[in-house]
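Peer 1: show me how the following folds:
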Amino acid sequence: MEQYSGQLDGIFQALADPTRRAVLARLGAGPASISELAKPFEMALPSFMKHIRFLEGSGLIRTRKQGRVRTCLIEKKQFAAVETWLSEQRALWEGRTDRLERFVAAAQRKGETP
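Peer 2: Reported below is the predicted structural model:
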């Protein structure tokens, strides 16, 4: 997964901010305009646009302009890289805890304290 390292850094940095996570949660329900996305946040539009540009730069969303309205959409393929990394981490840690469990059980059967 080393080939995705830089990509994952940007994605996790994007996910580290609560405003950006809220935007992604909203976009999970479907596309939305910038003004619709900005409505729940008490910040100036230029500040909100920094979040949109960050999400777009990380590849988590894309925007398209139709007339005067800019619409944002989730970019699902970026989430696949995160899912792959998390699956690898889950398998690694499950393997480690399984080995620890076997070690403890074997030590208990021998009457030892681990």
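
Peer 1: for the rest of this, base every contact and every neighbour count on C-alpha atoms.
Peer 2: Noted.

Peer 1: report the buried residues of the longest helix along the chain.
Peer 2: Longest helix in the chain, counting residues (DSSP state H): helix 76-109. Residues of helix 76-109 classed as buried under the neighbour-count rule (16 or more other C-alpha atoms under 10 Å) are Gln78, Ala81, Val82, Trp85.

Peer 1: now pLDDT and distance to Glu56 too, for these, in a markdown table please.
Peer 2: Supplementary listing: the buried residues of helix 76-109 in a markdown table, determined by pLDDT from 0 to 100; distance: C-alpha to C-alpha, whole Å:
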| residue | pLDDT | distance to Glu56 |
| --- | --- | --- |
| Gln78 | 84 | 11 |
| Ala81 | 83 | 16 |
| Val82 | 83 | 16 |
| Trp85 | 85 | 21 |
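
Peer 1: now Val82: closest residue in space that isn't a chain neighbour?
Peer 2: Residue nearest to Val82 in three dimensions, not counting chain neighbours: Leu8, with 6.8 Å by C-alpha to C-alpha, 6 or more residues apart in numbering.

Peer 1: could you give the angle of the host helix or strand of the one you found to helix 76-109?
Peer 2: Assigning secondary structure by DSSP states H and E places Leu8 in helix 5-15. Counting by axes from the mean of the first three to the mean of the last three C-alpha atoms, to 10 degrees, helix 5-15 lies at 100 degrees to helix 76-109.

Peer 1: thanks a lot, see you next time.
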